[in-house]
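Engineer: okay, predicted coordinates and the sequence, questions at the end:
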Amino acid sequence: MTGRLYGIGVGPGDPELMTMKAARLIAMIPVLAYPAPDGGASLARAIAAPFIPPGRTELALAIPIRPGPAPAGAYEAAAALLAEPLAAGRDVAVLCEGDPLFYGSFIYLMERLADRFPVTVVPGVNSLSACAAAAQLPLARRDGTLTVLPATLNDDKLRALLNGTGAAAILKVGRHAPRLKALLAAMGVADRGAVLVEHASRGGQRVTPLADWQGEAPYFSAVLIPPADKETAP
Ligand SMILES: C[S@@+](CC[C@H](N)C(=O)[O-])C[C@H]1O[C@@H](n2cnc3c(N)ncnc32)[C@H](O)[C@@H]1O
């Protein structure tokens, strides 16, 4: 009998936004793993900390949380680390910031392990919902559309994908903020009321009109763009 691999979404930052299921499983599962980039602190672990009992086996996975591809072998090494207790019959929970399957590192671990071990994914509140709540900005209504894009795409791709869309959200803003601001201004999109949301649901949460933003943004920030033809009547 092998152990089961769990991908547990711990939400965008506020521990109260963790699900009851996440809290219950974290209190039960004997081995807890989390990305701890560059040997530093783990954001996912910090979010889940109030629910982690003392004495758990903890595995810090050397997976970077920054734009761009992970160093060669990072996911193989992390998957190998998880495979040891799983092969020995112990359940392992990987704590994931936000939702595990929404731009999450867990995707690459699950893809490497699912053929050998049973997997359960526990969804979490994702950053998009937390940013919308912080900005009190509806993401989609009636037959409206929502386009989600990473800021890491080049200008041509972003322009093509934003052209004619309804509401849009851009993640992984970080150092791309100045380029994004210029692009969205040139497209006439920024003056639809676009906002930049930093650290939604945790300390440092701030919502700033994109037009007022200067310089780079933190990695944990997103741009929300309301649709051009905002319909407000219910
Ligand atoms: C690799 S993705 C992970 C997304 C995460 N799995 C989720 O469900 O939201 C990281 C990006 O999500 C966004 N993000 C995550 N948490 C955030 C927060 N609390 N506030 C604002 N943006 C956040 C940022 O754009 C960041 O660059």
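Structural biologist: Good, I have the coordinates.
Engineer: what does the chain put close to the ligand?
Structural biologist: Within reach of the ligand by Cβ under 6 Å from any ligand atom, the chain has these residues: 12-13, 97-99, 102-104, 126-127, 130-131, 171-173, 197, 199-202, 219-222. The C-beta positions use only the backbone N, C-alpha and C, and glycine is treated the same way.
Engineer: out of these, which are inside helices?
Structural biologist: Among these, the subset assigned to helices under DSSP state H consists of 127, 130, 131.
Engineer: list of residues touching the one helix or strand residue 184 maps to?
Structural biologist: Per DSSP states H and E: residue 184 is located in helix 177-186. Contact with helix 177-186 is made by 151, 155, 158-159, 162, 170, 173, 190-191, 194, 196, 210-211, 213, 215-217, 221, 223, 225, as judged by Cβ atoms under 8 Å, 6 or more residues apart in numbering.
Engineer: which residues of the chain fall in strands?
Structural biologist: 5-9, 31-35, 57-61, 92-96, 119-122, 146-150, 167-171, 195-198, 206-209, 221-225 (DSSP state E).
Engineer: CSV for those, including mean neighbour count and mean pLDDT?
Structural biologist: Shown next, in CSV, are the strands of the chain (neighbours: other Cβ atoms under 10 Å; pLDDT from 0 to 100):
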stretch, mean neighbour count, mean pLDDT
strand 5-9, 26, 98
strand 31-35, 24, 97
strand 57-61, 17, 96
strand 92-96, 28, 98
strand 119-122, 17, 98
strand 146-150, 16, 97
strand 167-171, 23, 97
strand 195-198, 24, 98
strand 206-209, 14, 98
strand 221-225, 25, 98
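Engineer: could I get those in JSON lines, plus columns for distance to residue 21?
Structural biologist: Listed next are those as JSON lines, based on distance: least, Cβ to Cβ, whole Å:
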{"stretch": "strand 5-9", "distance to residue 21": "8"}
{"stretch": "strand 31-35", "distance to residue 21": "15"}
{"stretch": "strand 57-61", "distance to residue 21": "20"}
{"stretch": "strand 92-96", "distance to residue 21": "11"}
{"stretch": "strand 119-122", "distance to residue 21": "5"}
{"stretch": "strand 146-150", "distance to residue 21": "25"}
{"stretch": "strand 167-171", "distance to residue 21": "25"}
{"stretch": "strand 195-198", "distance to residue 21": "26"}
{"stretch": "strand 206-209", "distance to residue 21": "29"}
{"stretch": "strand 221-225", "distance to residue 21": "25"}
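Engineer: out of these, which is closest to residue 75?
Structural biologist: strand 57-61 (8.9 Å; Cβ to Cβ).
Engineer: packing partners for the closest one?
Structural biologist: Judged by 3 or more Cβ pairs under 8 Å, 6 or more residues apart in numbering; DSSP states H and E, the packing partners of strand 57-61 are strand 31-35, helix 74-87.
Engineer: tell me which of the ones you listed sits most buried.
Structural biologist: Each of the helices and strands packed on strand 57-61 was scored by mean neighbour count; the highest is strand 31-35, a mean of 24, by mean count of other Cβ atoms under 10 Å.
Engineer: adjacent strands (with direction) for that strand?
Structural biologist: Strand 31-35 pairs in its sheet with strand 57-61 (parallel), strand 92-96 (parallel), by DSSP bridges.
Engineer: tell me which residue in the protein sits closest to the ligand.
Structural biologist: Nearest to the ligand in the chain, going by Cβ to the nearest ligand atom, is residue 98, at a distance of 2.3 Å.
Engineer: what bridges to the spatially most central residue of the chain?
Structural biologist: The chain has residue 98 as the residue nearest its centroid, 4.7 Å off, counting by Cα atoms, centre = their mean. Beta-bridge pairing for residue 98 (DSSP bridges): residue 11.
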